[in-house]
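Chemist: The following comprises the amino acid sequence and a computationally predicted model.
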Amino acid sequence: MTTSKKAGRRLSQFPDDQLRLDRSSAAHCPIRGKDGEVIEPSPRRGPGLESWRLKNLERVRSGLAKALDRLRPGEPPKVIELLDAMAYALLGGGKQLRPLLALAAAEAVGGRAVAALPPALAVEMVHAYSLVHDDLPAMDDDDLRRGRPTCHKVYGEAAAILAGDALLTLAFQTLAESGLKTPEAARRANLAIVHLARAAGAAGMVGGQMLDLAFEKRPDPASGHDTRSEAVTGDMVKIMETRKTGELMAAALVGGAIFGGGGAGDLRLLRRLGLTLGLAFQIRDDLLNQEGDPALTGKAVGSDAARGKASFPNILGRAEAEREYAGLTGQALAWAASFKQPGRRLVQIIDSLVHRRA
């Protein structure tokens with residue numbers, strides 16, 4: 001495959017588009033390709049979504065397990081315990097949505113899914129680390145994740161913190177090592193590292209988590225007054241949830257497109273798609289936290305309200321959250337459909353998320 005020369009262009013990495021997601025009529029508008037043709041998305045549209053998903057899940061899970069296994073030889077028992085905690089967090093189930101998005105993005109821009117394994121693995125490592133830290137007592141203080149005790153409940157807080165730290169650094173090791181063979185591989189790895197680092201840090205996910213904590217309404221142990229320092233608006237929640245969830249999904253899509261040989265325009269569109277899809281995904285999580293089935297979600301229902309979380313339904317009400325969710329998913333589907341046949345997996349994955357119950 002000939003690599004697009006556009007892929008090497010300098011990009012505006014993080015345009016100020018978090019509040020410019022056009023959703024005013026997306027919930028009911030037809031989904032069209034680049035030439036204006038109407039596309040009807042469906043998980044059944046196109047052959048073998050499930051076989052594609054299973055095949056690529058096996059690639060991802062095998063790659064994650066091998067990355068950890070390579071660290072084990074010669075290590076003392078306490079470091080082996082750390083690696084066990086990392087494996088518990090990284091290989092303990094879940095949808096592996098972000099790596100699948102990376103692989104589908106590589107195909108959408110004309111590349112092969114297998115070429116995007118390095119960013120797929122890296123983004124899942126970052127996601128797993130973020131969940132381990134998010135569950136800690138100082139953060140969300142959760143006992144259950146994916147239907148199992150959280151990492152710190154099994155291995156202790158100190159080991160869980162260190163496991164998260166090690167997963168984060170392993171993510172960047174994985175990307176960096178993928179760029180050692182050729183100058184083109186180095187260029188792609190470097191660009192993907194920049195996107196992932198910015199998406200995962202203070203400008204993205206971690207900054208969103210800080211806002212999430214700041215927006216909680218809970219009594220201060222010393223004064224008894226609420227810790228929330230100001231009234232939280234819908235726009236503030238949108239920024240917080242876009243950063244907390246949307247940035248990492250955007251990094252998955254952009255990283256996959258980089259390794260698939262996508263051009264600058266592809267990367268910009270996929271970034272916007274990722275931010276939109278991530279916000280929609282978080283709103284759906286918020287709704288499931290209110291009325292979902294713990295047997296399906298693997299999490300305690302009602303925990304957001306109990307902690308005074310500033311989620312979409314808690315701040316704006318369930319009806320407005322559902323309207324926002326419908327608009328965002330419609331917009332995400334429209335952007336995915338613009339890649340036409342190569343983007344069919346993206347369309348199918350997004351469509352399968354619209355009515356998810358877990």
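Modeler: Looks like it arrived, so ask away.

Chemist: Please make it C-alpha for all contacts and neighbour counts, starting now.
Modeler: Fine.

Chemist: and residue 285, how far is that from residue 353?
Modeler: According to Cα to Cα, to the nearest Å, residue 285 and residue 353 sit 11 Å apart.

Chemist: same deal with residue 152?
Modeler: From residue 152 to residue 353 the distance is 29 Å (Cα to Cα).

Chemist: can you give me the strands for the stretch 101-250 of the chain?
Modeler: For the stretch 101-250 of the chain, strands defined by DSSP state E, counting those that start in this stretch occupy the ranges 144-145, 148-149.

Chemist: Next, format those as JSON lines and append mean pLDDT, distance to residue 118 and mean neighbour count.
Modeler: Below are the strands of the stretch 101-250 of the chain laid out as JSON lines (pLDDT from 0 to 100; distance: least, Cα to Cα, whole Å; neighbours: other Cα atoms under 10 Å):
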{"stretch": "strand 144-145", "mean pLDDT": "88", "distance to residue 118": "26", "mean neighbour count": "18"}
{"stretch": "strand 148-149", "mean pLDDT": "93", "distance to residue 118": "28", "mean neighbour count": "14"}
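
Chemist: In terms of packing, which of residue 152 and residue 353 has more residues around it?
Modeler: residue 152 (23 against 17; other Cα atoms under 10 Å).

Chemist: Tell me the confidence at that one?
Modeler: The model reports residue 152 with a pLDDT of 97.

Chemist: Residue 332: how many residues sit nearby?
Modeler: Around residue 332 sit 28 other residues, with neighbours defined as other Cα under 10 Å.

Chemist: Tell me who's in contact with it.
Modeler: The contact partners of residue 332, by Cα atoms under 8 Å, 6 or more residues apart in numbering, come to 273-274, 276-277, 350.

Chemist: Tell me the one of the residues you listed nearest residue 115?
Modeler: Nearest to residue 115 out of the contacts of residue 332 is residue 274 (Cα to Cα; 19.7 Å).

Chemist: Torsion angles phi and psi at the closest one?
Modeler: Here the main-chain torsion angles of residue 274 (degrees, to the nearest 10) amount to phi -60, psi -40.

Chemist: excluding its backbone neighbours, what's nearest it?
Modeler: residue 250 (3.8 Å; Cα to Cα, 6 or more residues apart in numbering).

Chemist: Now do the helices in the stretch 51-200 of the chain.
Modeler: Assigned by DSSP state H, counting those that start in this stretch, the stretch 51-200 of the chain shows helices spanning 77-90, 97-108, 117-134, 151-155, 157-178, 183-200.

Chemist: mind checking how far the shortest one is from the chain centre?
Modeler: Looking back up the chat, that one is helix 151-155. 23 Å (Cα atoms, centre = their mean, to the nearest Å).

Chemist: tell me which residues of it are tucked away?
Modeler: 151-152, 155 (16 or more other Cα atoms under 10 Å).

Chemist: Out of those, the closest to residue 97 would be?
Modeler: Residue 97 lies nearest to residue 151 out of the buried residues of helix 151-155, by Cα to Cα, at 20.3 Å.
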